[in-house]
Every structure is written in C-alpha cells, then in structure tokens.
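# What would the 3D arrangement of this be:
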Amino acid sequence: MKHAAFQGRLVMLGFGSIGEGVLPLILRHIDMPKDRIEIVTADDRGVAIAAEYGIRHTVLPLTRENYATVLRGRLSKGDFLLNLSVDVSSVALITLCRELGALYLDTCIEPWAGGYTDPSLTPSQRSNYALREGALALKAGAGPTAVTTHGANPGLVSHFVKQALLDIARDTGHDTTVPTTQQGWAQLAHDLGVKVIHIAERDTQVAAGQPKKRGEFVNTWSIDGFTGEGCQPAELGWGTHEKAMPADGLRHDFGCDAAIYLMRPGASTRVRSWTPLEGPMHSFLITHNESISLADYYTLRDAQGRVVYRPTSHYAYHPCDDAVLSVHEFAGRNWELQPEKRLMMEEITSGMDELGVLLMGHKKGAYWYGSRLTIEEARALVPHNNATSLQVCVAVLAGMVFAIENPNAGVVEADELDHARALEICFPYLGEMAGVYSDWTPLQGRGELFPEDTDADPWQFANFRVT
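Okay, here's the model as predicted:
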C-alpha cells in the first residue's frame, strides 16, 4: 500500500541502522521517484545498501560551518529533510528548512557535536529538557511541517499512551469518546487516575556464540545515540501526586517546568519497572524527550494557570544483555567510550524487543500496552532491520506520512499527531500488539530480606528508584 505520494526531493541525513532500515519502507510505502532521493552522511557505512536500491550516497559530514551551504544546494520549497544523523543541531536544521520551505523529521533533538557532554554547560543546559525547549521555541509562527522526535521512543510510544488510555476507559466503564484536544486527553488521564507512565522496554535479542568482548560496546541500535543520552542527566516528568523531591533532584529555571533532572547520568540510574513477558525488572532511567513531552501534554491547569494534574513519566529501559554489560564497563571507564563498537544486526540469533507503555495508578492498577516484535518477524517483514530498529523505522515512516499529508503544521511533537492514523501505518510492522493488566507495584516483595524505607503510596518515585 502506498500511504502517500511525494514529488519533492528527499534528503536523508545520516545512514546508520535507522537509515538503512527505513529506506526500504520509504520505497515501499511512499510513491516517489528514486532519482529524487539522496543520502548525505558522515561516512561510507551503508554504501552497498544504497547501491542495492539505486539511491545516491554522498559522504559529506555536516558541520556548523558547512551545513547551510550543503543543504541549500539540495533542498528547496516542498522538499523533505529526513534527519537521522548525530552531532548535527536539530534546531539549526529546522530553522533552515523553515527558511527554505522544506518538510522535516527527526527521531531525536540533537545538539552540535559535544553538546551532550560539554563541561561549560550546566546539567540543566545540556538536558533533553533544554533541547526540547529550544525546538519548541520555533513553534511561533506558521511554517512547513517539522515533526520532532518521531521514532519508536520518543514517538510511537506517545500513540501507545493514547490507545492505552482508551483501553482503560473501556475496561473501567468510563466514557470512551476519543478526545480531540490536548486538554481533553489530559482530562481523560486525570479522570482515570493515571499517576505514572513508564516507557517500559525489555530487549532480549542475543547473538549466540558472539558475546561482548572486553573493550567493546555492543548494542542493537545506535551506540553513539545510546551513550550520548546515557551521559546526560537522568530526567523525568514530575507528577502532581509526588510527595517529595529526590535528594539529588532539581528543577529547571526556564521553560514549561513539567520535568526535573537528577544530578547523575541516566546510565547510572536504575528504576523498578515491569513488562508482561519479563515481569519485574531493574531498568535504566535514560533521559528521553517523551519523558518530558508526555508530562507536559497531560498537564491540566486551573483558570489561574496553576497545575492541578500531571503524571510522572519516564523511560525504564532494560537493553539487551550485552548492552547492559557494555554500560557497566562504560561506567567503569568513567564514561569514556570503549575503543570498539559493534551494532548487532545479522549476527542476532534470537530474541525480541518488548516495547510498550505502563500506565499505573488507575482503578485496575497497572496496564502495559505495546509491541512484541521478534528478530525473526522483523527480518521477514523488512530487510536490513532487527526488532529494535524496525519499531523505530516504521514510526519514522508514519511521521513522514503525517508531514506529507499535513505540510503546513509547523513544529509538532508526537503527542500532537493523530494517534489512530499513525498506528494504522505502524501496526503491520510491530509484531504482536498486547494489552495486559497487572497487580504489580514497585513495593512487591520489598522488605522481606532487608528492611527498606518505602512509602505506603506505591506510585511514589521514591519507591520506583533503585538506591
């Protein structure tokens, strides 16, 4: 099925695992001439895959000094910049696309190289909160559509949250009329009693016979992306039900005030979470845009503008086992990346990515809704993908279709898109979609072996955090 027709030029900036995986989806589902697609990337990775599909592949790293010149020669009104790169400022690219009249999509709001770990910046200034505020500042005024942070997470999971809310409403006898505004969705979450939203993900993919080596970082998706955000401060949307700020928690002194950050990197911060197949797990609280955007989107205010409801929201990520070992070694090196990097793709022999949202505090306790995609299914569905990359790639496709169908929407986040349309495009590529209720709380089994200081309200962040 062709979901959209596009006659402009498409520039794919970056061609790592996501670029390689999304190209066949674009060619399959967007009606456009191949000769109007060009890949511009910092290295020669993927050149054989580009040649396989007959797509131009240009090795030309973008910098502060050359990005405008390079892209002005390739983009004009009605064209599309698909930004899948790292170390290139998203705000700079969106600003240029607005000037040129070109559409835009990224999966992460990136700073210029070094921005995640620049010691001249405060932790607040190099947070995802700050990066998001920089992008949202571009909302002022009309312009060509720029879809920010629309991969699997951030991105697809925002659509999962809306579907999960409708499921809970249905199963608790609540009105199931689909809200049409931000305030309507926030009111629904409030009325259902949702206090906490986890992006709860467990990656079980493994390469039998090829274990991680000393001095090697292994992962199933971008190693530079993972380690970059892992070195940022741990961040979470901060709910109105929370009783006490963490001892190392701080608020930002600018922006929407929907989130806090911890004075420690996300790669060294663990939280308790749950998925249906894994069960209880200790996960990394890695900063992500959706941790902030979900808390902001599901905020209710009174007539005076005071916040009366907001859920706590954050990422709770248990990567593949080799990645866990890699993070442990990475931390021991005082956050100096290992000399070798290996992105698992063809060597994966089994496993799945169980990616979903866990909504907690409502009448039925906890509800996980999401995708269970195995490596076998991913390979059968789309070439050059594993289970993790395909969940990202199909969400990129859905975001591109939105931009093509709505070319003058300005800067938009996933939470603002039509979730039903996005899921319609994504469902055929997500494996088994599951919705599972649970009586799990972060207090289960606590204090049986050692006394612990816990709060009687299970949904306090202090109970989720592993100390």
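
# Next, the residues that contact the helix or strand harbouring residue 69 from outside, please.
Per DSSP states H and E: residue 69 is located in helix 67-72. The contact list for helix 67-72 (C-beta atoms under 8 Å, 6 or more residues apart in numbering) reads 11, 40, 60, 62, 81, 88, 92-93, 96, 100. The way it works is simple: take the backbone N, C-alpha and C, and place the C-beta from them, glycine included.

# can you redo those as JSON lines with pLDDT, distance to residue 427 and neighbour count?
Output for these, formatted as JSON lines (pLDDT from 0 to 100; distance: C-beta to C-beta, whole Å; neighbours: other C-beta atoms under 10 Å):
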{"residue": "11", "pLDDT": "98", "distance to residue 427": "28", "neighbour count": "22"}
{"residue": "40", "pLDDT": "98", "distance to residue 427": "31", "neighbour count": "21"}
{"residue": "60", "pLDDT": "97", "distance to residue 427": "36", "neighbour count": "11"}
{"residue": "62", "pLDDT": "97", "distance to residue 427": "34", "neighbour count": "24"}
{"residue": "81", "pLDDT": "98", "distance to residue 427": "27", "neighbour count": "25"}
{"residue": "88", "pLDDT": "97", "distance to residue 427": "31", "neighbour count": "21"}
{"residue": "92", "pLDDT": "98", "distance to residue 427": "34", "neighbour count": "18"}
{"residue": "93", "pLDDT": "98", "distance to residue 427": "30", "neighbour count": "23"}
{"residue": "96", "pLDDT": "98", "distance to residue 427": "34", "neighbour count": "18"}
{"residue": "100", "pLDDT": "98", "distance to residue 427": "34", "neighbour count": "19"}
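
# Could you report the pLDDT at residue 355?
We have a pLDDT of 98 for residue 355.

# got it, and residue 115?
89.

# for residue 122, same thing?
94.

# so how far is residue 323 from residue 334?
From residue 334 across to residue 323, the span is 19 Å (C-beta to C-beta, to the nearest Å).

# before we move on, the earlier item: which one among the contacts of helix 67-72 gets closest to residue 218?
residue 88 (25.1 Å; C-beta to C-beta).

# mind listing the helices for the stretch 101-250 of the chain?
For the stretch 101-250 of the chain, applying DSSP state H, counting those that start in this stretch gives helices covering 128-136, 156-171, 182-192, 223-230.

# Identify whichever of those helices lies nearest to residue 32.
Of the helices of the stretch 101-250 of the chain, the one closest to residue 32 (C-beta to C-beta) turns out to be helix 156-171, at 23.0 Å.

# for the closest one, packing partners?
helix 182-192, helix 289-297, strand 352-362, strand 365-374, helix 387-405, helix 419-426, strand 432-438 (3 or more C-beta pairs under 8 Å, 6 or more residues apart in numbering; DSSP states H and E).

# ok, residues contacting the helix or strand following the last one?
Following the chain from strand 432-438 toward its C-terminal end, the next helix or strand by DSSP H and E is helix 461-464. By C-beta under 8 Å, 6+ apart, the residues outside helix 461-464 that reach it are 196, 236, 242, 244, 246, 271-273, 312, 441-443, 454-455, 457.

# The lowest-mean-pLDDT helix or strand in the chain packs against which elements?
Every helix and strand in the chain was compared by mean pLDDT, DSSP states H and E; the lowest is helix 223-230, with a mean of 93. With contacts taken as 3+ C-beta pairs under 8 Å, 6+ apart, helix 223-230 sits against strand 216-219, helix 321-332.

# which residues are contacting the shortest one?
In this case it means strand 216-219. 212, 223, 226-227, 319-320, 322-323, 325-326, 329-330, 337-338, 340-344.

# Recalculate using a threshold of 6 Å.
212, 223, 226, 322-323, 326, 338, 340-342 (C-beta atoms under 6 Å, 6 or more residues apart in numbering).

# quick revisit: compare residue 334 and residue 323 (neighbour count), which wins?
Comparing residue 334 with residue 323 by other C-beta atoms under 10 Å, the one with more neighbours is residue 323, at 24 against 6.

# Roughly how far does that one sit from residue 401?
Taking C-beta to C-beta, one finds residue 323 at 31 Å from residue 401.

# repeat for residue 314
Counting by C-beta to C-beta - residue 314 and residue 401 are separated by 29 Å.

# Likewise for residue 101?
From residue 101 to residue 401 the distance is 19 Å (C-beta to C-beta).

# Can you pick out the residue with more neighbours from the two?
residue 401 (20 against 16).

# which residues does that one contact?
Applying C-beta under 6 Å, 6+ apart, the residues contacting residue 401 are 3-4, 425.

# these two touch, right, residue 260 and residue 248?
No - judged on C-beta atoms under 6 Å, residue 260 makes no contact with residue 248 at a distance of 10.0 Å.

# Looking at these two now, which is surrounded by more residues?
residue 260 (25 against 13).

# Before we move on, what's the pLDDT of that one?
98.

# Quickly find the element holding it.
strand 259-265.

# Relative to the whole chain's centre, how far out is that strand?
Centroid separation for strand 259-265 versus its chain: 18 Å, with C-alpha atoms, centre = their mean, to the nearest Å.

# Name the residues that touch it?
Against strand 259-265 from outside (C-beta under 6 Å, 6+ apart): 127, 129, 231, 233-235, 237-238, 248-251, 292, 295.

# tell me the phi and psi of residue 26?
phi -60, psi -50 (degrees, to the nearest 10).

# Give me the distance between it and residue 360.
37 Å.

# re earlier: which of the contacts of helix 67-72 fall within helices?
Among the contacts of helix 67-72, the residues falling in helices (DSSP state H) are 92-93, 96, 100.

# Redo those residues as a markdown table? Include distance to residue 108.
Listed next are the ones in helices among the contacts of helix 67-72 as a markdown table, based on distance: C-beta to C-beta, whole Å:
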| residue | distance to residue 108 |
| --- | --- |
| 92 | 14 |
| 93 | 12 |
| 96 | 18 |
| 100 | 22 |
